[in-house]
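*Asks:* attaching a predicted model along with its sequence, questions to come.
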Amino acid sequence: MTAGTRDSGKNGQGNHRPVWILAALTLGCIAVSLYCLWTNTYIIFQNLFYFPIIIACVLYYKKGFAFSVLLSFLYFGLVFSGTHDTEILTQAGVRTGIFILVATIITALSERIRDQEQRLRETEEKYRLAMETTTDGLWDWDLKTGAIYYSPGFVKMTGGDGLEPSFHAWEERMHSEDREAALSSLRDHLSGHTGRWRHELRLQTPAGEWKWVLCRGSVTDRDENGSPIRMMGVIADISEQKEGELIIRTERDRASRYLTIAGVIIVALSRTGTVLLVNRRGSEVLGAPPEVICGMNWFETFIPSGQRDEVRKTFDAIIRGTEDLFSSHENEIITLQGEKRIIFWRNTLIRDQDGTITGTLSSGEDITGTKELEAEKKKLLDQIHQNMAQMAFLNDTIRNPLAVIMLLAETGYLPDTSRQIATQVAIINDAVTRLDQQWSESEKVLTFLRKHYQITVPTEKSDAAE
């Protein structure tokens, strides 16, 4: 039976059965009044009219009040028709006024009670609808008897109608890993140590499925000794929320592992240039643990003083959006130990939900060794070019004395030939010595090329074999 059906039945009863009772009582009062008037016993019937007046005002409110006023004047009319005694008529007039006053008071009280009942019915209806439609589960626990009421939402959430109305049945469905912590927090609340009970735990449905629920409640009544006697609360299904948290936590852990094992430097800066994040590789290069580096100002700490103002000015312009961010660049930094390193950076902007720039995120590669290697390579290549020039010069230096010797040999032996040949031989010997020096330097170049560029240079044995 719905609430609407119950109301209509109640109203039907109030509109039919009490009418006959009121009519019979009213006619009875009038009949007794007529009899008393006929026997001149005026005092007997004067209080009889209270009964139909009260019933009319209680059951029919404003209509009952109008009926009571008419009945009051009817009472006075009956008295007036029976006697013209001034004293009796005065008393009857006063009694008529009292009847109307009583009818007014009772009608007002009845209206107020009716309004309260109506609000109560509306509240009960809203509560019933809320109980039927809410996705949360409501529970009401009688701590004296141990009985507990579960709302339809609670029963539906836990998977069926077979849930015994006791806390023990609820407790048995708790996950073994969550049960002790949940009961401990509940005991703390029941003993008055906490203002509200709030705990997340897993409940098992009859089908064997586990659901994450958020339990909230509080003691609503305590006895004279302060012991709890009633507790009410709700549970909410937070399984989807927990799954989302698990996904977020997994992705965060994965990102954290990536940052940890990444072979590049990862640095995040705020709008003011404060270091917000640095990974393990970054801390190794910068020379301190992440917890020490985070919170430092990047420009004041890690940019050489001669470049600091220019780099900071460029960063501020990027944050304001007045200058584009370089997607990649290289610059020099200084570690906490004072060592200068050259880093090749790849950069991106960090924005909030409104698109406002909140900082930068950069990945960097320490290319200091590469730069040094390139400098050494350039130096050695320059040396090779110098050696080649020297070798060309030595070639001419050797060829010219040999030509003189050949000429002397062809023209015959002269007295000073020996001296001239000795001079030319000395020139050749000096040239060969310098050639050996250049060759030694060239051998260093070849060693470097073999080591760093995997260039294979034929050895003397291989040359001989060929």
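*Replies:* Structure received.

*Asks:* need the contact partners of stretch 306-315.
*Replies:* Leu269, Gly273, Phe299, Glu300, Ile303, Glu323, Asn331, Glu332, Thr360 (CB atoms under 8 Å, 6 or more residues apart in numbering). The C-beta positions use only the backbone N, C-alpha and C, and glycine is treated the same way.

*Asks:* got CSV for the residues you listed, with secondary structure, pLDDT and neighbour count too?
*Replies:* Converted to CSV, those look like this (DSSP: H, G, I helix; E, B strand; the rest coil; pLDDT from 0 to 100; neighbours: other CB atoms under 10 Å):
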residue, secondary structure, pLDDT, neighbour count
Leu269, strand, 92, 23
Gly273, coil, 91, 20
Phe299, helix, 92, 19
Glu300, helix, 92, 11
Ile303, coil, 92, 21
Glu323, coil, 76, 13
Asn331, strand, 86, 15
Glu332, strand, 88, 16
Thr360, strand, 89, 22
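
*Asks:* give me the below-cutoff pLDDT ranges for the stretch 1-150 of the chain.
*Replies:* Within the stretch 1-150 of the chain, the stretches with pLDDT under 70 are 1-18, 42-46, 127-135.

*Asks:* okay, helices next: where are they in it?
*Replies:* All helices of the stretch 1-150 of the chain, identified by DSSP state H, counting those that start in this stretch, fall at 3-38, 50-82, 86-133.

*Asks:* specify the beta-bridge partners of Asp237.
*Replies:* On the basis of DSSP bridges, Asp237 is bridged to Val213.

*Asks:* tell me, how many neighbours does it end up with?
*Replies:* 19 (other CB atoms under 10 Å).

*Asks:* how close does it sit to Glu200?
*Replies:* The gap separating Asp237 from Glu200 is 11 Å, by CB to CB, to the nearest Å.

*Asks:* same question for Gly226.
*Replies:* 28 Å.

*Asks:* compare the two and say which is more crowded by neighbours.
*Replies:* Glu200 (15 against 8).

*Asks:* who does the helix or strand containing the more buried one touch, helix- and strand-wise?
*Replies:* Element membership of Glu200 [criterion: DSSP states H and E] is strand 197-204. Where contact means 3 or more CB pairs under 8 Å, 6 or more residues apart in numbering; DSSP states H and E, strand 197-204 is packed against helix 176-190, strand 210-222, strand 228-237.

*Asks:* residues of it that come out buried?
*Replies:* Neighbour counts using 16 or more other CB atoms under 10 Å place Trp197, His199, Leu201, Arg202, Leu203 of strand 197-204 among the buried residues.

*Asks:* got the contact list for that strand?
*Replies:* Residues from elsewhere that reach strand 197-204 (CB under 8 Å, 6+ apart): 158, 170, 173-175, 177-179, 181-182, 185-186, 189, 210-218, 231, 233, 235, 238.

*Asks:* for that strand, list the C-alpha coordinates in PDB.
*Replies:* Taking C-alpha atoms only, strand 197-204 is exported to PDB below (Å, rounded to 0.1, in the frame of the first residue of the first chain):
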ATOM      1  CA  TRP A 197      33.500   6.800  12.600                       C
ATOM      2  CA  ARG A 198      35.000   6.800   9.100                       C
ATOM      3  CA  HIS A 199      36.800   3.900   7.500                       C
ATOM      4  CA  GLU A 200      37.400   2.400   4.100                       C
ATOM      5  CA  LEU A 201      37.200  -1.400   3.700                       C
ATOM      6  CA  ARG A 202      36.300  -4.300   1.400                       C
ATOM      7  CA  LEU A 203      33.000  -6.200   1.700                       C
ATOM      8  CA  GLN A 204      32.300  -9.500   0.000                       C
END
